[in-house]
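The amino acid sequence is not available; the structure is as follows:
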């Protein structure tokens, strides 16, 4: 299974408008938007299918053609973060030639490989940081649905807050040798791209796996954005008032969203145990949050001291 999650700040939201955001992710007429309020507010669109017929890779190696349909969906978390997600299960084709589209539509969310495909080569090609433009591009499919949600937002009263989007590309290899998630590897390729690779038991449905990766992508984006916000605050270089002014967007829009493994299912919990052990998401997050709170505490103390003197 392979997917891409495109994550960014939901723009133009006005919390006072009474719009819970359902219309933004109501992407399929007649299909229900999944709404959750506990333990956090979240919205998930119905899934749409996007047809693909293209090479899968690897570049320079034996050419493997993939034909089928990709699942595409959008998510909004706590009225602050929007995600576009595209994912698919890749399986060997039972035929040596291309079939009619009715065959592929009858297997939603599945790409069949035409040509001799080595599982390890294909796994490496799908997880590669740089891919040829002609190969399967799940990033564009995910970004397209994010853009669709963003274009449907109405201007709100929030102060301008710039935050770059981040993509998470994930590849899950299926095996029947174990009954649990294993071999989790997370790589920050650059400021905009992360790659997550892992192994799941055979028979694991793609939907829950994609949901786990969407959760990881959400928290990686939160951490990345908070790091950038703290850096821009120039703590120790600017005046206390200016530093706090620059930290306010993080306080207003980011800090309350952090809640890893909110789904609390076995697959999610095992993923976060592995990530916390190796990547230390929460340790770094807590360090940054404590630094922000220290600045607030010192700012309040300085203000009280100034008021006392006057």
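Good, I have the coordinates. None of these values were measured; they are calculated from a predicted model. Numbers count the residues shown, from 1 in each chain.

From here on, just use CA atoms for contacts and neighbour counts.
OK.

Kindly state the pLDDT recorded for residue 100?
Note for residue 100: predicted pLDDT of 92.

next one: residue 226
95.

How about it: what's its closest non-neighbour residue?
Computed as CA to CA, 6 or more residues apart in numbering, the closest residue to residue 226 that is not its neighbour in sequence is residue 250, at 6.5 Å.

so after the strand or helix carrying residue 213, what's the next helix or strand?
Taking DSSP states H and E as the criterion, residue 213 maps to helix 206-233. As assigned by DSSP H and E, the chain's next helix or strand after helix 206-233 is helix 240-253.

By mean pLDDT, point me to the weakest helix or strand of the chain.
For the chain, the helix or strand with the lowest mean confidence is helix 119-127, at a mean of 84 (criterion: mean pLDDT, DSSP states H and E).

so how far is residue 76 from the closest residue to residue 77 other than its chain neighbours?
Distances taken as CA to CA, 6+ apart put residue 42 closest to residue 77, at 4.5 Å, once the chain neighbours are dropped. Remark: distance between residue 42 and residue 76 (CA to CA, to the nearest Å) = 6 Å.

Of those two, which one has the most company?
The neighbour count for residue 42 versus residue 76, taken as other CA atoms under 10 Å, is higher for residue 76 (27 against 21).

you'd agree the more buried one is up against residue 82?
Yes: Residue 76 lies in contact with residue 82 (CA atoms under 8 Å); the separation is 4.6 Å.

Mind listing what's buried along the least confident helix or strand of the chain?
122-123, 125-127 (16 or more other CA atoms under 10 Å).

got the residues you listed as a markdown table, with distance to residue 268 columns?
Converted to a markdown table, the buried residues of helix 119-127 look like this (distance: CA to CA, whole Å):
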| residue | distance to residue 268 |
| --- | --- |
| 122 | 25 |
| 123 | 22 |
| 125 | 25 |
| 126 | 22 |
| 127 | 21 |
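
Could you pull out the helices in the chain for me?
101-105, 119-127, 138-152, 206-233, 240-253, 266-278, 281-309 (DSSP state H).

Format the ones you listed as JSON lines; extra columns: distance to residue 199.
Formatted as JSON lines, the helices of the chain follow (distance: least, CA to CA, whole Å):
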{"stretch": "helix 101-105", "distance to residue 199": "26"}
{"stretch": "helix 119-127", "distance to residue 199": "11"}
{"stretch": "helix 138-152", "distance to residue 199": "20"}
{"stretch": "helix 206-233", "distance to residue 199": "11"}
{"stretch": "helix 240-253", "distance to residue 199": "34"}
{"stretch": "helix 266-278", "distance to residue 199": "11"}
{"stretch": "helix 281-309", "distance to residue 199": "20"}
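
Go through the ones you listed and name the closest to residue 35.
Judged by CA to CA, the one of the helices of the chain that comes nearest to residue 35 is helix 206-233, at 14.3 Å.

So which elements touch the closest one?
When contacts are defined as 3 or more CA pairs under 8 Å, 6 or more residues apart in numbering; DSSP states H and E, helix 206-233 packs onto strand 2-9, strand 81-92, strand 166-175, helix 240-253, helix 266-278, helix 281-309.

Give me the angle between that helix and strand 81-92.
For helix 206-233 against strand 81-92, the angle by axes from the mean of the first three to the mean of the last three CA atoms, to 10 degrees is 140 degrees.

Flag every buried residue along helix 206-233.
Residues of helix 206-233 classed as buried: 206, 209-227, 229-230, 233 (neighbour count, 16+ other CA under 10 Å).

Same question for stretch 31-47.
By 16+ other CA under 10 Å, the buried positions in stretch 31-47 come out as 33, 35, 42-47.

for stretch 167-175, same thing?
Within stretch 167-175, the residues that qualify as buried are 167-174, counting by 16+ other CA under 10 Å.

contacts for it?
Counting contacts by CA atoms under 8 Å, 6 or more residues apart in numbering, the residues outside stretch 167-175 that touch it are 1-7, 123, 126-127, 139, 192-204, 213, 217.

could you redo the last one with a cut-off of 6 Å?
For stretch 167-175, contacts defined as CA atoms under 6 Å, 6 or more residues apart in numbering pick out 1-6, 192-202, 217.

Look up the closest residue to residue 249, ignoring the ones flanking it.
Closest residue in space to residue 249, ignoring its immediate chain neighbours: residue 161 at 6.3 Å, by CA to CA, 6+ apart.
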